[in-house]
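>>> dropping a prediction and its sequence here:
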Amino acid sequence: MNIDIRFLNSYCSAKEMKTLIAPILFFCASVGVFAADPAVKDEQAIRALIEDLVFEHEKASETLLISPGIAGNDDVEYKRQFEKCKEAFKRLSELKAQALPILVEHLKDKRPSIHFRNHYESHSVGDACYWNIYFQLQDRPSNYSEYGYQRKGRDGEHHPKPYWTGTPFHEAGGIAQWLKQNENLSYVEMQIKCLNWLLEREKTIGAADADSYFLNILPLEIRILERRLEAGAEVEGELKRLRDALAKKDVTAVPVNLLSPKAEQSSAGQSATRSASDSEGDDKLQPESEGRSQ
């Protein structure tokens, strides 16, 4: 806003001009504040959520912080603080890439929070920020894997699940370093890269049987296609095929190279049986079909 002081000066005394201009300047300053870059306001909101991760309670220093519902804790303030931290964590996750820089900034924040990964690990605000980034970028589907440290592979032996033994972030020297190395990627591309890291290791373990494939491998393949579709790739047909295979538990869709020799033979047998059954069914339907055509 431009104000011609010379115009005012020709009609007002110095005192009158001062009285007149003061509210105008205040108005201009106010407009400037409210018209500020929205990113500044967003950053303030994100920082406020980081503050809400702080668990402000006398029990904050305890090694194990149990959920109020599980512990049967009647402490109202304990529950309020716990829920405040959980809500802040959820909202930070929903902000996705927008929150990442500030989450990284607080990775070494030693103030107490609550557990977001394991009750027997540390629970600082920095830990909460780490796990928030971790869960965002790992993007694991809810129907992938199940509780436990190990699973049986194609060789019949038990193997630690990949997410228990490492992350793509550790290999890069830390989550901040990984983000720096991959700053040229979009948010969705980062998710795809992390999912591929996990999928490669699950495929290396292989599947003891078809059910293991449907639990430990196929959900990751589907999620990767979902994210690729979100990024603009034309994968609708393949995505539908894999979703149908999972919904029907179609053993013929299981790549035989991922199965143990025994499971491979079983899968091949089921496939042959299904093919024979389908063929027999076609023969039975043929006369009826021919009859209608007449």
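The structure has been received and is ready for your questions.

>>> state the mean pLDDT of stretch 165-179.
Here stretch 165-179 scores 94 as its mean pLDDT.

>>> going forward, begin numbering at 490 instead of 1
Fine by me, first position is 490 from now on; the one you just mentioned is stretch 654-668.

>>> how far does that stretch stretch from start to finish?
Start and end residues of stretch 654-668 are separated by 20 Å (C-alpha to C-alpha, to the nearest Å).

>>> so what touches it?
Contact with stretch 654-668 is made by L589, V593, L596, Y619, I622, Y623, Q627, Q670, M679, K682, C683, W686, as judged by C-beta atoms under 8 Å, 6 or more residues apart in numbering. The way it works is simple: take the backbone N, C-alpha and C, and place the C-beta from them, glycine included.

>>> report the buried residues of it.
Of all the residues in stretch 654-668, those buried under the rule 16 or more other C-beta atoms under 10 Å are T656, P657, F658, I664, A665, W667, L668.

>>> just the ones of these in helices?
P657, F658, I664, A665, W667, L668 (DSSP state H).

>>> what about K669, neighbour count?
When neighbours are counted by other C-beta atoms under 10 Å, K669 registers 12.

>>> equivalent analysis for K579, please.
Neighbourhood size, K579 [other C-beta under 10 Å]: 11.

>>> report pLDDT for it.
97.

>>> same thing with S519?
Reported pLDDT for S519: 48.

>>> cool, and S611?
pLDDT, S611: 84.

>>> confirm that it sits in a strand.
No: looking at S611 with DSSP: H, G, I helix; E, B strand; the rest coil, it is coil, so not inside a strand.

>>> now render the contacts of stretch 654-668 as CSV, adding distance to A736 and secondary structure.
Listed next are these as CSV, based on distance: C-beta to C-beta, whole Å; DSSP: H, G, I helix; E, B strand; the rest coil:
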residue, distance to A736, secondary structure
L589, 34, helix
V593, 39, helix
L596, 40, coil
Y619, 35, helix
I622, 32, helix
Y623, 29, helix
Q627, 24, helix
Q670, 37, helix
M679, 29, helix
K682, 27, helix
C683, 25, helix
W686, 26, helix
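
>>> PyMOL command for the buried members of those residues?
Per 16+ other C-beta under 10 Å, the buried members of the contacts of stretch 654-668 correspond to this PyMOL selection:
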select buried, resi 589+593+596+619+622+623+627+679+682+683+686
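
>>> circling back: quick check, nearest of the ones in helices among the buried residues of stretch 654-668 to S582?
Closest approach between these and S582, by C-beta to C-beta: I664, at 14.9 Å.

>>> can I get the contacts of stretch 654-668 in JSON lines including distance to L718?
Below are the contacts of stretch 654-668 laid out as JSON lines (distance: C-beta to C-beta, whole Å):
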{"residue": "L589", "distance to L718": "23"}
{"residue": "V593", "distance to L718": "28"}
{"residue": "L596", "distance to L718": "32"}
{"residue": "Y619", "distance to L718": "29"}
{"residue": "I622", "distance to L718": "23"}
{"residue": "Y623", "distance to L718": "24"}
{"residue": "Q627", "distance to L718": "19"}
{"residue": "Q670", "distance to L718": "25"}
{"residue": "M679", "distance to L718": "16"}
{"residue": "K682", "distance to L718": "16"}
{"residue": "C683", "distance to L718": "17"}
{"residue": "W686", "distance to L718": "20"}
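
>>> and the strands in this structure?
639-641, 647-649 (DSSP state E).

>>> which one of those strands lies nearest to F578?
strand 647-649 (26.7 Å).

>>> what does the closest one rub up against?
Counting by C-beta under 8 Å, 6+ apart, Y638, Q639, R640, K641, G642, I694 sit against strand 647-649.

>>> next, report how far that strand is displaced from the centre of its chain.
25 Å (C-alpha atoms, centre = their mean, to the nearest Å).

>>> before we move on, what about stretch 739-750?
Relative to its parent chain, stretch 739-750 has a centroid offset of 28 Å by C-alpha atoms, centre = their mean.

>>> just stretch 640-658 next, same as before
21 Å.

>>> flag every buried residue along that stretch.
Buried residues in stretch 640-658, counted by 16+ other C-beta under 10 Å: R640, K641, G642, R643, H648, K650, P651, Y652, T656, P657, F658.
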